[in-house]
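**Student:** dropping a prediction and its sequence here:
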Amino acid sequence: MHRVRSLSPLLALLLLWLPVTAAIAARPAGFDRELARFADEMAERHGFDRERLGRLLGQARYRQSIIDAITRPAEAKPWRDYRPIFVTPERAEEGVAWWRANEALLRRAEAEYGVPPEIVTAIVGVETRYGRHAGSYPVIDALGTLAFAYPKRAKFFRRELEEFLLLTREERIAADRVKGSYAGALGKPQFIPSSYRQYAVDFDGDGRRDLWNSDADVIGSVAAYFERHGWQRGQPVTTPARGVDDSNRRLAERGMKPSIRLDHLRGAGIEPEAPLEVPPETRASLIRLQGAAGDEYWIGLPNFYAITRYNHSNLYAMAVYQLSREILRRHGQSPGAVAGGG
């Protein structure tokens, strides 16, 4: 990556622009200098106007609340505490209403990308409760804080800040007005900026990809994301596992990526609770969740793994799956009769 060895006069401009307040004194050492260095790099590499970008980044505030939030994610909870956050009757009923309001769009997305309506609906339900909670942090604050004051993942968030600035230029979005999650995720489906640029689609054909105000773009983009990450049309997602005991539970330590043939699981005494109409050589994972009544074991199929590509957590994928089943049931369709069920 190109690096600027010495700061241009932009640093002086940026530091002069920043207000001198008590809040600035709490900013980590080097925060402003790194912002200015980053602005120089963006101007050099992508042709941004240095002065304008300096003014924009000068508005980025360090927020300790962002650091606090990212160090205690919901995915750190056990399943017995995580599930009640997302799989609720209220969220399922809201999902049914959102599905019915967007029926034609969801069916068109299913026809084009192979992802069933209940999965797309559940993603939006888990992420932002159908757009009601799309984030309250200024994105330049969130990404600035994590890029320059969170060393553990600074490289990742520095790249996301770069992607965000490119995105706002491409989509003609006012970067200083955009709000999102504490991690800089955007819109109703909470795409991080790099995913927005790479996977979002203009599903309503208006020439823009708007993940805040266009449910068409939201639906098309979520479905397109899954299709690009290996979603298999008409295939099941997961099912509870029977027969897991001390002799074979170590298979759950193999990770979330499907790596164990189903016939090998059966050979180890592990059987799916519901029949799976897939070839015996299909790769799967064995998932262990800490449930309210003790450990639960599930067989994760390739479509379950596709959900984990949205958020790299078995807890997240299971919440999406179980919410989708409840939405489907309340919508009046049988999960076993609908593509993607299982």
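**Tutor:** Nice, I can see it. Numbering: from 1, shown residues only.

**Student:** tell me the domain ranges of the protein?
**Tutor:** 1-59, 238-312+332-337 (automatic domain parsing).

**Student:** got a list of what residue 154 touches?
**Tutor:** The contact partners of residue 154, by Cβ atoms under 8 Å, 6 or more residues apart in numbering, come to 146, 147, 148. (Glycine included, C-beta is placed from N, CA and C.)

**Student:** let's see that with 7 Å instead.
**Tutor:** Contacts for residue 154 were tallied using Cβ atoms under 7 Å, 6 or more residues apart in numbering; they are 147, 148.

**Student:** that's a helix at it, yeah?
**Tutor:** Yes - Residue 154 forms part of a helix when assessed by DSSP: H, G, I helix; E, B strand; the rest coil.

**Student:** quick one: pLDDT of it?
**Tutor:** Residue 154 carries a pLDDT score of 95 in this model.

**Student:** now do the one 10 residues further on
**Tutor:** pLDDT, residue 164: 98.

**Student:** pull the CA atoms of stretch 265-283 into PDB?
**Tutor:** The C-alpha coordinates for stretch 265-283 follow below in PDB (Å, rounded to 0.1, in the frame of the first residue of the first chain):
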ATOM      1  CA  LEU A 265     -21.400 -38.100  10.500                       C
ATOM      2  CA  ARG A 266     -23.800 -41.100  10.200                       C
ATOM      3  CA  GLY A 267     -20.800 -43.400  10.500                       C
ATOM      4  CA  ALA A 268     -20.000 -41.700  13.800                       C
ATOM      5  CA  GLY A 269     -23.500 -42.300  15.100                       C
ATOM      6  CA  ILE A 270     -24.800 -38.800  14.400                       C
ATOM      7  CA  GLU A 271     -28.100 -38.600  12.500                       C
ATOM      8  CA  PRO A 272     -30.200 -35.600  11.300                       C
ATOM      9  CA  GLU A 273     -33.400 -35.300  13.200                       C
ATOM     10  CA  ALA A 274     -35.300 -34.500  10.000                       C
ATOM     11  CA  PRO A 275     -34.800 -36.300   6.700                       C
ATOM     12  CA  LEU A 276     -32.300 -34.500   4.500                       C
ATOM     13  CA  GLU A 277     -32.800 -35.000   0.700                       C
ATOM     14  CA  VAL A 278     -29.200 -34.300  -0.100                       C
ATOM     15  CA  PRO A 279     -26.400 -36.600  -1.400                       C
ATOM     16  CA  PRO A 280     -24.500 -38.600   1.400                       C
ATOM     17  CA  GLU A 281     -21.200 -37.000   0.300                       C
ATOM     18  CA  THR A 282     -22.600 -33.500   1.100                       C
ATOM     19  CA  ARG A 283     -20.200 -31.600   3.400                       C
END
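
**Student:** let me see the mean pLDDT of it.
**Tutor:** 95.

**Student:** quick one: the helices in the stretch 1-150 of the chain, in order.
**Tutor:** 10-17, 22-25, 31-46, 50-57, 64-70, 79-86, 89-101, 103-113, 117-128, 139-149 (DSSP state H, counting those that start in this stretch).

**Student:** nearest to residue 274, of the ones you listed?
**Tutor:** Of all the helices of the stretch 1-150 of the chain, helix 117-128 sits nearest to residue 274, with 16.9 Å by Cβ to Cβ.

**Student:** counting by contacts, list what the closest one packs against.
**Tutor:** Secondary-structure packing of helix 117-128 (3 or more Cβ pairs under 7 Å, 6 or more residues apart in numbering; DSSP states H and E): helix 89-101, helix 103-113, helix 215-228, helix 314-331.

**Student:** and residue 296, what are its phi and psi?
**Tutor:** phi -110, psi 140 (degrees, to the nearest 10).

**Student:** make sure it is actually in contact with residue 289.
**Tutor:** Yes - in this structure, residue 296 is within contact of residue 289 by Cβ atoms under 7 Å, at 4.5 Å.

**Student:** how about the helices of the stretch 1-150 of the chain in CSV, adding mean neighbour count, distance to residue 284 and mean pLDDT?
**Tutor:** Listed next are the helices of the stretch 1-150 of the chain as CSV, based on neighbours: other Cβ atoms under 10 Å; distance: least, Cβ to Cβ, whole Å; pLDDT from 0 to 100:
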stretch, mean neighbour count, distance to residue 284, mean pLDDT
helix 10-17, 16, 52, 45
helix 22-25, 10, 51, 37
helix 31-46, 19, 43, 93
helix 50-57, 18, 46, 92
helix 64-70, 15, 31, 94
helix 79-86, 16, 19, 97
helix 89-101, 17, 27, 98
helix 103-113, 17, 23, 98
helix 117-128, 26, 18, 98
helix 139-149, 25, 35, 96
